[in-house]
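Peer 1: Sharing a model prediction with you, sequence too.
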There are 2 protein chains.
Amino acid sequence: MRVTTLAIVGVGLLGGSIALAARRRQLAARVVGVDHPSACAQALRLELIDEAVELGGAAATADLLVFCTPVDCLAAQILAAAPWCRAGCLLTDVGSTKAEIVRSVEDRLPPGVTFVGSHPLAGSEKNGSEHARAALFHRRQVIVTPTPRTDAVSLERVTTFWQALGATVRMMDPEAHDRALALTSHLPHLAASALAGVLPPELFSLTATGFRDTTRLAASNPALWSAILHANAAAVLEALARYSEQLHRFRAALEAKDRAALETLLGQGKQNKDALSDS
Amino acid sequence: MRVTTLAIVGVGLLGGSIALAARRRQLAARVVGVDHPSACAQALRLELIDEAVELGGAAATADLLVFCTPVDCLAAQILAAAPWCRAGCLLTDVGSTKAEIVRSVEDRLPPGVTFVGSHPLAGSEKNGSEHARAALFHRRQVIVTPTPRTDAVSLERVTTFWQALGATVRMMDPEAHDRALALTSHLPHLAASALAGVLPPELFSLTATGFRDTTRLAASNPALWSAILHANAAAVLEALARYSEQLHRFRAALEAKDRAALETLLGQGKQNKDALSDS
């Protein structure tokens, strides 16, 4: 897939990496960016984009718009851009939650303008286009979330675009995506943040690599992640309930001084972890 | 500090790394290892030790014995070795818990034989002397846990030994060590294991680096870690209670759909994490 004008709305880590990868791989004749002036200036300086434009201008000229803004802004921005789009224009996003966004957008687009939700399983606890990397999507999965109403040609175009960036594409229903990611991504963020949050400052100097790795995700942007947890609250609550039950089993085993039960619980974690590492 | 004969009891990742580092840095004229025959054979093949011996023989000939066996075996092995030791012999260990071991050993040593507890904040989720590295202790902390009864010369010798392996030594009371490590090390292991343990196999393929880093510690040996959690149950229960309270605050914020509260909680985690990374 080659596009004439690719518009990146939100030129941070993900948007900047898409822009860079698209330029390096010559997937777009022109890449424009939409963001705050300072973010645009940085993206131009880093040569991630050819030009900084307003959202309306981007919508009016682009064949493909990729929305890379926080999940609580996505639906509104997509709907703000849509009336300016030309027929044949394709919109997608990189939001970590999908059901609410797809539901909000799908029925409200002008004729000939289509939206397909995407979620690349790639990123970092770091933010900002200074961390953008062309290889960010290489050999990573991108979940694409069509619905029964999704146009087949648009689905094919979005799939081809992500594959051209080096990713493997997997299709999922938006609700199934959100339930799964609550466990595989949103819960780990919450668990890591809670763990970092309860460490008293006087013990900071007694941490080693174990604490540091387990809490890596706690460095993520609180505004971005509160929006994600909020958008997926029901599924995150279910995931958190599962986690709390397992922690309760550990508590019961510790209270009973039941070493065999502790070993069984740790064995469950190891079995899954080893299977994950092999997969 | 240079020893004539260094004995390593338990030649796994930690014991093997101490042996290797001591040989490389010429801290001991001779390094002997005590372990099961297959572990000894591997340690000899990897040239970590000069000779494999029985515990009694090691005790009778060594100036310094370092016990690197699981925490539930340490006290019994130290007490089994002690009667064979010569006057002036110094014993230490690398156990992740200290209070129970120090309490069990301290009063029951023959005259002239001394014990000082140690805990290097170094290691890996991997086990076995095939992962031994001479640099494992380089620029890492070793917590040494003297009590009012600890002999000053022995404390100085143990400190010098760890420093000679490249570590920084920090003194702590054994009980204070166990309370601190419950939060900085034992709780992260438990949290990582519980997180890995609740992931349904059908979602394994939807994990990315976030899940994998957060659960790295879940790959640790369940037998070793059930012994550590069991030995430090009271302090781990306190740490787990703190963690559960923080998770409960996340749950309440999710149930109330209170995005500001979520952002505040995530902000606490980030503040601590950023402070840790800077330290």
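Peer 2: Structure received.
Peer 1: quick one, longest helix in chain A?
Peer 2: helix A:233-255 (DSSP state H).
Peer 1: Report whether that one contacts chain B.
Peer 2: Yes: legend: contact between helix A:233-255 and chain B by CB under 8 Å from any CB of the partner chain is shown at A:233, A:236-237, A:239-240, A:242-247, A:250-251, A:254-255. Bear in mind the C-beta positions are built from the backbone N, C-alpha and C, glycine included.
Peer 1: how much does that helix deviate in direction from helix B:233-255?
Peer 2: 170 degrees (axes from the mean of the first three to the mean of the last three CA atoms, to 10 degrees).
Peer 1: quick revisit: can you tell me which of the residues of helix A:233-255 next to chain B are classed as buried?
Peer 2: The neighbour-count criterion (16 or more other CB atoms under 10 Å in any protein chain shown) marks A:Ala233, A:Val236, A:Ala239, A:Leu240, A:Arg242, A:Tyr243, A:Ser244, A:Gln246, A:Leu247, A:Phe250, A:Arg251, A:Leu254 among those as buried.
Peer 1: Using PDB, write down the CA coordinates of stretch A:49-65.
Peer 2: The C-alpha coordinates for stretch A:49-65 follow below in PDB (Å, rounded to 0.1, in the frame of the first residue of the first chain):
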ATOM      1  CA  ILE A  49       7.100  14.700   9.100                       C
ATOM      2  CA  ASP A  50       7.300  16.900   6.000                       C
ATOM      3  CA  GLU A  51       4.900  19.500   7.200                       C
ATOM      4  CA  ALA A  52       2.800  20.500  10.200                       C
ATOM      5  CA  VAL A  53      -0.800  21.300   9.400                       C
ATOM      6  CA  GLU A  54      -4.100  21.900  11.100                       C
ATOM      7  CA  LEU A  55      -6.500  19.000  11.600                       C
ATOM      8  CA  GLY A  56      -9.000  20.300   8.900                       C
ATOM      9  CA  GLY A  57      -6.200  20.700   6.400                       C
ATOM     10  CA  ALA A  58      -4.800  17.300   7.100                       C
ATOM     11  CA  ALA A  59      -8.300  15.700   6.700                       C
ATOM     12  CA  ALA A  60      -8.900  17.600   3.400                       C
ATOM     13  CA  THR A  61      -5.600  16.400   1.800                       C
ATOM     14  CA  ALA A  62      -4.800  13.000   3.300                       C
ATOM     15  CA  ASP A  63      -5.700   9.600   2.000                       C
ATOM     16  CA  LEU A  64      -4.900   8.000   5.300                       C
ATOM     17  CA  LEU A  65      -5.200   9.600   8.700                       C
END
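Peer 1: neighbouring contacts of that stretch?
Peer 2: For stretch A:49-65, contacts defined as CB atoms under 8 Å, 6 or more residues apart in numbering or on different chains pick out A:3-9, A:11, A:19, A:28, A:30-35, A:37, A:40-41, A:43-44, A:77, A:80-86, A:88-92, A:157, A:161.
Peer 1: Considering only the residues you listed, which also neighbour chain B?
Peer 2: Applying CB under 8 Å from any CB, the subset of the contacts of stretch A:49-65 adjacent to chain B is empty.
Peer 1: Tell me if I am right that A:Ala29 is in a helix.
Peer 2: No: judged by DSSP: H, G, I helix; E, B strand; the rest coil, A:Ala29 forms no part of a helix; its state is strand.
Peer 1: before we move on, the earlier item: Serialize the buried ones among the residues of helix A:233-255 next to chain B to JSON lines and add fields for distance to B:Thr207 and pLDDT.
Peer 2: JSON lines is the format used below for these (distance: CB to CB, whole Å; pLDDT from 0 to 100):
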{"residue": "A:Ala233", "distance to B:Thr207": "21", "pLDDT": "98"}
{"residue": "A:Val236", "distance to B:Thr207": "16", "pLDDT": "98"}
{"residue": "A:Ala239", "distance to B:Thr207": "13", "pLDDT": "98"}
{"residue": "A:Leu240", "distance to B:Thr207": "17", "pLDDT": "98"}
{"residue": "A:Arg242", "distance to B:Thr207": "15", "pLDDT": "98"}
{"residue": "A:Tyr243", "distance to B:Thr207": "15", "pLDDT": "98"}
{"residue": "A:Ser244", "distance to B:Thr207": "20", "pLDDT": "98"}
{"residue": "A:Gln246", "distance to B:Thr207": "17", "pLDDT": "98"}
{"residue": "A:Leu247", "distance to B:Thr207": "20", "pLDDT": "98"}
{"residue": "A:Phe250", "distance to B:Thr207": "22", "pLDDT": "98"}
{"residue": "A:Arg251", "distance to B:Thr207": "26", "pLDDT": "98"}
{"residue": "A:Leu254", "distance to B:Thr207": "27", "pLDDT": "98"}
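Peer 1: follow-up on the earlier one: run through the neighbouring helices and strands of the longest helix of chain A.
Peer 2: helix A:174-181, helix A:187-197, helix A:259-278, helix B:187-197, helix B:222-231, helix B:233-255 (3 or more CB pairs under 8 Å, 6 or more residues apart in numbering or on different chains; DSSP states H and E).
Peer 1: Which one of those lies nearest to A:Gly128?
Peer 2: helix A:187-197 (18.5 Å; CB to CB).
Peer 1: Skip ahead from that closest one and say which helix or strand is next.
Peer 2: Moving toward the C-terminus from helix A:187-197, the next helix or strand (DSSP states H and E) is helix A:209-214.
Peer 1: can you redo the helices and strands packed on helix A:233-255 as TSV with distance to B:Leu109?
Peer 2: Shown next, in TSV, are the helices and strands packed on helix A:233-255 (distance: least, CB to CB, whole Å):
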stretch	distance to B:Leu109
helix A:174-181	56
helix A:187-197	39
helix A:259-278	27
helix B:187-197	31
helix B:222-231	20
helix B:233-255	26
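Peer 1: chain center to the longest helix of chain A, what's the gap?
Peer 2: The chain centroid and the centroid of helix A:233-255 are separated by 25 Å, computed with CA atoms, centre = their mean, to the nearest Å.
Peer 1: which outside residues touch that helix?
Peer 2: Helix A:233-255 is contacted from outside by A:178-179, A:181-183, A:186-187, A:190-191, A:229, A:258, A:261-262, A:265, B:190-191, B:193-195, B:197-198, B:229-230, B:233, B:236-237, B:240, B:243-244, B:247, B:250-251, B:254-255, B:257, using CB under 8 Å, 6+ apart.
Peer 1: middle-most residue in chain A, spatially?
Peer 2: Centroid check for chain A by CA atoms, centre = their mean gives A:Ser96 as the closest residue, at 3.7 Å.
Peer 1: so which strand or helix has it?
Peer 2: Going by DSSP H and E, A:Ser96 is not in any helix or strand.
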